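Undergrad: Sequence first, predicted model second:
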Amino acid sequence: MKDSDYKEVLDKISTPIVVIISNQGSSKKKNPSKSDFEENFSVHFMNESFENTYGDLLKVGFTTEECVSRLSKEVDWYKMACDCTETGEMQEKTFYSTHANAWLRVHMNSTVSGFIIISVVSIDKDKEREQQLLRQNLRLAALTDELSNSREDLKKRLENINFLNEQLEFIAYHDSMTGLSNRQKFKLDFEEWIKTVKEEGEKFGLILLDLDNMKLINDAQGHSEGDDVICHTAEILKRFKNENFRVYRYEGDEFIVMMKGINSQDTILNAGDMLLEVMNEEGIDFSGGIAICPDDGETSEDLLKYADMAMYEAKRKGKNDLCFFQSIMRERFMEKVAIQSKLNKAVADEIFQLYYQPQFDVATNKLRGFEALLRWYDEETGWINPEQFIPIAEETKLVIPLGDWILETAISTLKDWMEKYNFNGIMSVNVSPIQLKKPTFIFDLMNLVKKYQIPTKNLEIEITEGVFIDNKTEAIMILNQIRDMGIGLSLDDFGTGYSSLSYLQMLPITTLKIDKSFIANITDKGGVEANITDSIISMVTKMGLDTIAEGVEKEDQLAILKDINCKNIQGFLKGKPMPREKCEELMHNS
């Protein structure tokens, strides 16, 4: 509820009312310290009745210390406020104010959270009568003439204030879009449940749900459609909600489920599987991570962190699934943090190296060219596998400056080899989907070609199917610009993702690389890899595409590839990735 909403309500009440609120917003502490109360709480609002009755007795902006000097220093206002927020009951006090020249009676109420204090001040200007009533019965002095004359009116006013408090509490602890409890409410409930764990030895589980492919939905269908999916998910979760099964919208497209009475992992896994089944039936996919309290941790921060690790493991394995947190995930996370820390410095200091793996024509055994491969040697760790640091570089966008360095280094090396060794082969350079989407990628590529004056037919950009995930139309437009420059395009890891042979007709590629997973088992009797590879090569050759088989390590693999007319090979059989000097020896001796 906005300030204007409750101010309008309070202005209609004829009882003089003052609202005191913290200048620093909500606090996690149930009560502020006395110094906080005196210095950081101030008059936020006075209704018309107060201003008409008391004039400038109090003013908006007065701190509680200034209010005390105007009202009475004999009253322990801080204790009243604490009692009010602790018990939730109205506090009252009668005192004589020299500034008002009258005996005053104060009724103090608070919101459920205890951060807004509403003081209802009443007066009887007949001092002698007030003193007499006070002596007879101190409780009677709490009632104003207006309250005495109209109990029903008082009831309505209190109802209005209670309604205001309820509205403020709802806003504070619920998500405005879905109506689910929010992360603030999750933290409160977690603290409530953790007490049960410690006192009674019970366990409870936490599932962190992240909707799959929301970026695709937002990009393809618009954010309003994405919001509809989020709201639909919330409605499904509400069906399961009860005292022992609580649901929350954490943020964005992430939700939290907390479940009591966890006897074993199967208990919460069965519940998660049921959620997954219902969601899938209604067209929603999600990846979920599960953590158990106290087995995996005893704080909300730890449990969420571990559930998040498990959730990303579910995504890594193919999405639309649930995973339990395991300690090895924490170890992987720490390794990732360590690598990321080193990676920042390595990119800044340019301590990476390019190795080059040769590619050979199957029929003539002539050198087709080289694929430039990134290598990283760290003085403390040693060689770090690209499969470990490349995903981190992409996640942190460090792959953009790193990719720029790779591209220029490879092109400058190509230029040197052409001049020194009359090299007329192909330099193939891997480009990350993130780098390809850089707004200046095409412009930068053209400048490098001009700077080093290389024939574009000798340069090949190697991509993976990942370039098409976000925006296929935009990716194809960029690839067409690359082809228009005369630069070759190679599609790597074909067959391991989601593409098909018919999909290749849309792409302006010149070379198809057959993944090493097919080549590894190509010689197995009764296996399907040889037939699949034969079909792929036959089809793409008819489409006019070049073919390269990766991971060729044995002579019998080479023999089969020769029989099915694979054009080129790459692998340890003919040459491992090697530093520039070794490549130059190869060219010099050939």
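TA: That came through, no problem.
Undergrad: buried sites along the host helix or strand of L354?
TA: Element membership for L354, per DSSP states H and E: strand 353-361. Neighbour counts over strand 353-361 (16 or more other CB atoms under 10 Å) mark 354-360 as buried. (Glycine included, C-beta is placed from N, CA and C.)
Undergrad: Closest to E371 out of the residues you listed?
TA: Of all the buried residues of strand 353-361, Q357 has the smallest distance to E371: 5.0 Å, by CB to CB.
Undergrad: For the closest one, which residues are in contact?
TA: 370-371, 373, 570, 575-578 (CB atoms under 8 Å, 6 or more residues apart in numbering).
Undergrad: Tell me the most packed of those residues, by neighbour count.
TA: In terms of neighbour count, F370 stands highest of the contacts of Q357 at 31 neighbours, by other CB atoms under 10 Å.
Undergrad: quick one: that residue and I411, what's the gap?
TA: According to CB to CB, to the nearest Å, F370 and I411 sit 12 Å apart.
Undergrad: before we move on, the earlier item: out of the buried residues of strand 353-361, which comes closest to T440?
TA: L354 (22.1 Å).
Undergrad: beta partners for the closest one?
TA: On the basis of DSSP bridges, L354 is bridged to L374.
Undergrad: From what I see, D189 and M258 are in contact.
TA: Yes: the criterion here is CB atoms under 8 Å, and D189 meets it with M258 at 6.6 Å.
Undergrad: So these two - more neighbours on which side?
TA: Each of D189 and M258 has its neighbours counted (other CB under 10 Å); M258 has more, 22 against 18.
Undergrad: Using the three-state scheme, assign that one.
TA: M258 carries the three-state label strand when classified by DSSP: H, G, I helix; E, B strand; the rest coil.
Undergrad: P508 now?
TA: With three-state DSSP as the criterion, P508 was assigned coil.
Undergrad: Nearest spatial neighbour of it, chain-adjacent residues omitted?
TA: R483 (4.5 Å; CB to CB, 6 or more residues apart in numbering).
Undergrad: for I256, same thing?
TA: Y248 (4.4 Å).
Undergrad: other SSEs contacting whatever helix or strand that neighbour lives in?
TA: Take DSSP H and E as the rule and Y248 turns out to sit in strand 245-251. In terms of contacts (3 or more CB pairs under 8 Å, 6 or more residues apart in numbering; DSSP states H and E), strand 245-251 is packed against helix 183-200, helix 223-240, strand 254-260.
Undergrad: how about those in JSON lines, adding distance to I339?
TA: Putting these into JSON lines (distance: least, CB to CB, whole Å) gives the following:
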{"stretch": "helix 183-200", "distance to I339": "30"}
{"stretch": "helix 223-240", "distance to I339": "32"}
{"stretch": "strand 254-260", "distance to I339": "25"}
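Undergrad: Could you single out the most deeply buried of those?
TA: A comparison of those by mean neighbour count, using mean count of other CB atoms under 10 Å, puts strand 254-260 on top with a mean of 22.
Undergrad: where along the stretch 251-400 of the chain do the strands fall?
TA: Assigned by DSSP state E, counting those that start in this stretch, the strands in the stretch 251-400 of the chain fall at 254-260, 286-293, 322-324, 353-361, 367-378, 382-384.
Undergrad: out of these, nearest to E553?
TA: strand 353-361 (12.6 Å).
Undergrad: Strand 367-378 and that closest one, what's the angle between them?
TA: Relative orientation of strand 353-361 and strand 367-378, computed by axes from the mean of the first three to the mean of the last three CA atoms, to 10 degrees: 160 degrees.
Undergrad: just how off-centre is strand 353-361 within its chain?
TA: Here strand 353-361 is found 38 Å from its chain centre; the criterion is CA atoms, centre = their mean, to the nearest Å.
Undergrad: Contacts made by stretch 181-197 with the rest, please.
TA: With CB under 8 Å, 6+ apart as the criterion, stretch 181-197 contacts 172-175, 202-204, 246-251, 256, 258, 260, 293-294, 298, 300, 303.
Undergrad: among those, which ones are buried?
TA: Buried subset of the contacts of stretch 181-197 (neighbour count, 16+ other CB under 10 Å): 173-175, 203-204, 246-250, 256, 258, 260, 293, 300, 303.
Undergrad: so which of these comes closest to V431?
TA: In terms of CB to CB, no member of the buried ones among the contacts of stretch 181-197 lies closer to V431 than Y250, at 35.3 Å.
Undergrad: Many thanks, I have nothing further to ask.
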